[in-house]
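Asks: Just a sequence and a predicted model for now, questions to come.
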Amino acid sequence: MEREIARLDKLNLVGEMAAGIGHEIRNPLTTVRGFLQFLATKEECAKYKSYYSLMIEELDRANSIITEYLSLAKDKPLKFNMTNLNSIITTLFPLIQADALKKNSSVNLEMKDVPDLLLDENEIRQLILNLVRNALEAMPLSGNLTIKTFSDVDNVVLEIQDEGKGIPLDIMEKIGTPFFTTKDDGTGLGLAVCYSIAARHDAKINVKTGSSGTTFSVRFLPNQNKNKNKNYL
Ligand code: ADP
Ligand code: MG
């Protein structure tokens, strides 16, 4: 519980800082990206083409780090609507499949009929993408990623399962703490964002892990309070 509180305090602080500077940094990045893209099409720059794509890729990476920070910021009201998890997954599927393909992995979808839930669609997309990216990164050579939805007695459940080497016990204690990463190029923000999105949806995240892979389950409560948006009106 104490750990949970420390985590949330840190998240709020990171969120406030992100809200302060994130937008300001993003604007100049967008301008630079635009000019780089323009220069890359010029004949006199042709011999440096590979440098231009590298610069653009790096800017995109910086931009996605800012996006992760900004999603910790609660500077915009959430928009809850009755939405179906399966339709969100179906919309994301081409993106997920393209990511998987780049890593020689495949994606299985096992979606059962589930009731609509009160969700902020943008946040749930980000939650799914963050878990999917971790799952793919856990299988550096190749593997199967499985995305499941189903209902059980109490919950509507979303599961993201990989065939990676699992999460060691000492690391399990730290995951989800902002900035904790075991990756050379990680931000350590992906799971922190997932936990805060889950908390805003009254959902719980469980992790099962072992030497044959890891499963992240997000358990939503059906029949949530349909007046959620009222807080923000
Ligand atoms: P990042 O991906 O930038 O490292 P995250 O918050 O998304 O940050 O993840 C934190 C850490 O949790 C990762 O560095 C990794 O050690 C561990 N982790 C998360 N998901 C998985 C997974 N599916 N398999 C193995 N390790 C994982
Ligand atoms: Mg991550």
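Replies: Received, thanks. Ligands and ions are numbered 1, 2, ... in the order given.
Asks: Output the set of residues of this structure in proximity to ligand 2.
Replies: 134, 190 (CB under 5 Å from the ion). All C-beta spots, glycine's among them, are computed from the backbone N, C-alpha and C.
Asks: So which residues of the chain form strands?
Replies: 80-83, 105-111, 117-120, 143-151, 156-161, 204-210, 213-220 (DSSP state E).
Asks: how much space is there between the closest residue to Thr83 other than its chain neighbours and ligand 1?
Replies: Leaving aside its chain neighbours, Thr83 sits nearest to Leu119 (4.6 Å; criterion: CB to CB, 6 or more residues apart in numbering). To ligand 1, Leu119 is 21 Å away according to CB to the nearest ligand atom, to the nearest Å.
Asks: who's in contact with Leu119?
Replies: Residues in contact with Leu119 (CB atoms under 8 Å, 6 or more residues apart in numbering) are 80-83, 85, 88, 201.
Asks: Buried members of the residues you listed into ChimeraX, please.
Replies: Buried subset of the contacts of Leu119, written as a ChimeraX selection, criterion 16 or more other CB atoms under 10 Å:
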select :80,85,88,201
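Asks: before we move on, the earlier item: out of the strands of the chain, nearest to Gly34?
Replies: Nearest to Gly34, of all the strands of the chain, is strand 117-120, at 30.0 Å by CB to CB.
Asks: what about the nearest residue to Ala192 once chain neighbours are set aside, how many neighbours?
Replies: With sequence-adjacent residues excluded and distances taken as CB to CB, 6+ apart, Ala192 is closest to Pro178, at 4.3 Å. Applying other CB atoms under 10 Å, we find 22 other residues in the vicinity of Pro178.
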